[in-house]
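Engineer: Provided below are the primary sequence and the corresponding predicted coordinates.
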Amino acid sequence: MKKITLKKSSLTLITSDDSRFRIRYRDELNEAQYEAAAHLDGPALVVAGAGTGKTRTLTYRVARLIESGVHPEAVLLLTFTRKSAREMLRRAAMLLDERTERVSGGTFHSFANLTLRKYAGEVGYASNFTILDQGDSEDVINLLRSRAGLASKEKRFPKKQTLQRMYSATVNTLTPLDIVIARDFPQFAEQVDDIEGLARAYVAYKRANNIMDYDDLLVNLVTLLEQHEQIRRRMGERYRYIMVDEYQDTNRLQARIVRQLASGHNNVMAVGDDAQSIYSFRGANFRNIMDFPKDFEGTRIITLEENYRSTQPVLDFTNEIIRMAAEKYSKKLFTARQEGMTPALISMEGENTQSRFIAQQVLELREEGVPLKEMAVLFRAGYHSFDLEIELARCNIPYVKVGGLKLMETAHIKDMLAYLRIIENPKDVISWTRILLLLDGVGPVSAERITDEITRGINPLADSATQRLSQIVRGKELPVMLDVLREVAPERIAPGDKVERLLRYYTPILKARYDDHPKRLKDLEMFQTIAERYGQLSIMLTDMALEPPNESVEDLVPEGHEDEFLTLSTIHSAKGLEWNTVFVMYLVDGRFPVTAAADSFEAMEEERRLFYVACTRAKQRLYLTYPTNIFDRATGTVLSKPSRFLDGIPEELVEGFVVEKDEGY
């Protein structure tokens, strides 16, 4: 006779005999992973420690839901990258079948975009609204700043980038603008009224021109769900099972979206690790994961502790780091890989000695058979690696440094996107301003006169508009550009063909404006290749705004085109990655944790979590380095105290070394 166990904290009936399922879940998952995958109804929080198979668990849960009779269309999987969602659903399809393709999976912003395209009218927009990326948002703010005369005041006024950060922070943290300014930008406290007035003008401008920025997607989705009960119910009935990945990285708006979507059934599974909450500067709220059991009564907490990445000596050290955190979900990571090197703590007299030690150790490990691509050097801030980069070049060690200007942030790609956005939305005056300023003889005044005509209702892509606009700007360049835009505007022309024609027009402009035009032309050719994958321009532009490709072509391959290279990375950029050997450098108070964190308990706790994330990237070898007697030019002080995060760690968990120079060094 089959046994049935009634779980106290859930309405789910789980049979001890899984023979009715095609997938043998108990054989494929460890006990905690199985408990999470088999959970059906009611709220659940899966606290997934670093390297404990979080993605695997979510993948099996998707398959299990479908095998349990849940319609795939009723499952919503929210992640922080589309790549993550696609990978989980691809794995689920390999486990089960093509039914997983009908699961709704994507980022919060892509989900908001799809929903708002359907219900845009309910929040005062047309369904063909344009999405601004960060650079476009800054340009709009700068335009309004100039119109208001704030850019010409004698007293210093925030630049467009600073204003955009202010406005984004107030939206993502649900904090009044005056408090954001007082807390994060106190130097502008006397200009709060002007900054708030500009914020109101920015909101009005976006609505008048049918454009949303990245933050508006979440704001308007929250508005839709909270103010339209019938729509909220309809969406709750459709998405009966909600899963949220990396819940520790959600901001307050995203948490509200989850609560609204699940308000009719509470079938939410949040997966994340409180110990890896390190993105408060982006608006992520540590309280979301800590308060999840309060937000969803009856939450079942499942903790994943078996690690499949690191050796036990590395885990013993990282367990101790996070044990000293003030607030956390208790967990102790363990692994079957008991043997391994004890983490090494290396002290040395100066910064260059640190760089020389790391370079020497990298070369020795490579000779021992560890590939360069299996090694990484992590640091708190990008400038921390400058001295090391010089030493690596001296030793002929190829490396890639994660970071730098993203492909979609480069001027030439933004020019091309502006042409395409105009084709999609001829009222996009920000894009018009950008491409008009590319024409010889057109300055800000002429460009604004033309955009004023567009705002008043003229269709610049209509044949009749050329003569009228040519009265404002003389010469042949404007009519030629308008003819090209009209030529590629028809919907029947594929995005790749549009870009190909625009590229022929734009190339002479590119060569005239940029000395490094050969490199930029390669980027544009890559962009054309990306465009050729799309059948609709609107879908392509949405993807470019929501989740653009990251690197410039020349940045994908390190100089010298070596087959392998060492990775240099900030810790924030390294989250989610792993290497055989990891060096964490500059473990000195003032560098790690940074000096600024000393003013805030919450900031210092996040610095501790950042240290934990850095160390849990290591699979076999972990080196912790710190130079003493560093002169900090910013503060005018000498930094000599090892990081406070090393205080109290038992000697048996970390082996100490002091670097000495050979005679004649």
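Structural biologist: Good, I have the coordinates.

Engineer: Quick check: buried residues in the longest helix anywhere in the chain?
Structural biologist: For the chain, the helix with the greatest residue count under DSSP state H is helix 495-513. Buried residues in helix 495-513, defined by neighbour count with 16 or more other Cβ atoms under 10 Å: P495, G496, K498, V499, E500, L502, L503, Y505, Y506, I509, L510. Just so you know, the C-beta spots here come from the backbone N, C-alpha and C atoms, and that holds for glycine as well.

Engineer: which residues touch the third one?
Structural biologist: Residues in contact with K498 (Cβ atoms under 8 Å, 6 or more residues apart in numbering) are L420, I423, V488, A531, L537.

Engineer: any chance of those in JSON lines, plus secondary structure and pLDDT?
Structural biologist: Below are these laid out as JSON lines (DSSP: H, G, I helix; E, B strand; the rest coil; pLDDT from 0 to 100):
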{"residue": "L420", "secondary structure": "helix", "pLDDT": "94"}
{"residue": "I423", "secondary structure": "helix", "pLDDT": "92"}
{"residue": "V488", "secondary structure": "helix", "pLDDT": "91"}
{"residue": "A531", "secondary structure": "helix", "pLDDT": "84"}
{"residue": "L537", "secondary structure": "helix", "pLDDT": "91"}
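
Engineer: quick one: the helices in the stretch 401-550 of the chain?
Structural biologist: Under the criterion DSSP state H, counting those that start in this stretch, helices of the stretch 401-550 of the chain are mapped to 411-424, 429-436, 444-455, 465-470, 477-488, 495-513, 517-531, 537-546.

Engineer: In the stretch 151-300 of the chain, where is pLDDT below threshold?
Structural biologist: 152-155 (pLDDT under 70).

Engineer: so the closest residue to T616 other than its chain neighbours, which of the three states?
Structural biologist: Distances taken as Cβ to Cβ, 6 or more residues apart in numbering put A50 closest to T616, at 3.8 Å, once the chain neighbours are dropped. Per DSSP: H, G, I helix; E, B strand; the rest coil, the secondary structure class of A50 is coil.

Engineer: Distance of A50 relative to L58?
Structural biologist: Here the criterion is Cβ to Cβ, to the nearest Å. By it, A50 lies 16 Å from L58.

Engineer: Between the two, which is the more surrounded one?
Structural biologist: A side-by-side neighbour count of A50 and L58, using other Cβ atoms under 10 Å, places L58 first with 28 against 24.

Engineer: Which one of the helices of the stretch 401-550 of the chain lies nearest to G272?
Structural biologist: Each of those was scored for nearness to G272 using Cβ to Cβ, and the closest is helix 537-546 (21.5 Å).

Engineer: What is that closest one packed up against?
Structural biologist: Here helix 537-546 touches helix 108-119, strand 130-132, helix 411-424, helix 495-513, going by 3 or more Cβ pairs under 8 Å, 6 or more residues apart in numbering; DSSP states H and E.

Engineer: Report the beta-bridge partner residues of M375.
Structural biologist: Following DSSP bridges, M375 is listed with bridge partners T581.

Engineer: these two touch, right, it and L566?
Structural biologist: Yes: here M375 reaches L566: they are 5.5 Å apart, a contact under Cβ atoms under 8 Å.

Engineer: how about the nearest residue to the residue nearest to the spatial centre of the chain, chain neighbours excluded?
Structural biologist: When Cα atoms, centre = their mean is applied to the chain, the residue found nearest the centroid is F80 (6.8 Å). The shortest distance from F80 to any non-neighbouring residue, by Cβ to Cβ, 6+ apart, is to E246 (5.1 Å).

Engineer: Neighbours of that neighbour, how many?
Structural biologist: For E246, the count of nearby residues is 24 (other Cβ under 10 Å).

Engineer: picking up where we left off before, generate JSON lines for the contacts of K498, with distance to V362 and neighbour count as supplementary columns.
Structural biologist: Shown next, in JSON lines, are the contacts of K498 (distance: Cβ to Cβ, whole Å; neighbours: other Cβ atoms under 10 Å):
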{"residue": "L420", "distance to V362": "44", "neighbour count": "23"}
{"residue": "I423", "distance to V362": "50", "neighbour count": "22"}
{"residue": "V488", "distance to V362": "50", "neighbour count": "19"}
{"residue": "A531", "distance to V362": "40", "neighbour count": "22"}
{"residue": "L537", "distance to V362": "47", "neighbour count": "21"}
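
Engineer: which one of these is nearest I458?
Structural biologist: Nearest to I458, judged by Cβ to Cβ, of those is I423 at 16.5 Å.

Engineer: what's the average pLDDT for stretch 326-339?
Structural biologist: For stretch 326-339, mean pLDDT rounds to 93.

Engineer: got the end-to-end distance for that stretch?
Structural biologist: End-to-end distance for stretch 326-339, by Cα to Cα, to the nearest Å: 30 Å.

Engineer: List the buried residues for that stretch?
Structural biologist: Buried residues in stretch 326-339, counted by 16+ other Cβ under 10 Å: K328, Y329, K331, L333, F334, T335, R337.

Engineer: show me the contacts for the fifth one.
Structural biologist: In this structure, F334 makes contact with E305, E306, N307, Q312, L315, judged by Cβ under 8 Å, 6+ apart.

Engineer: and the closest residue to C395 other than its chain neighbours, how many neighbours?
Structural biologist: Excluding its sequence neighbours, the residue lying closest to C395 (Cβ to Cβ, 6+ apart) is A359, at 4.7 Å. A359 has 21 neighbours, counted by other Cβ under 10 Å.

Engineer: was I right about Y25 contacting A38?
Structural biologist: Yes: using Cβ under 8 Å, Y25 is in contact with A38, at 6.6 Å.

Engineer: Which one of those two is surrounded by more residues?
Structural biologist: Using other Cβ under 10 Å, the more surrounded residue of Y25 and A38 is A38, with 22 against 19.

Engineer: Nice, that's everything, thank you.
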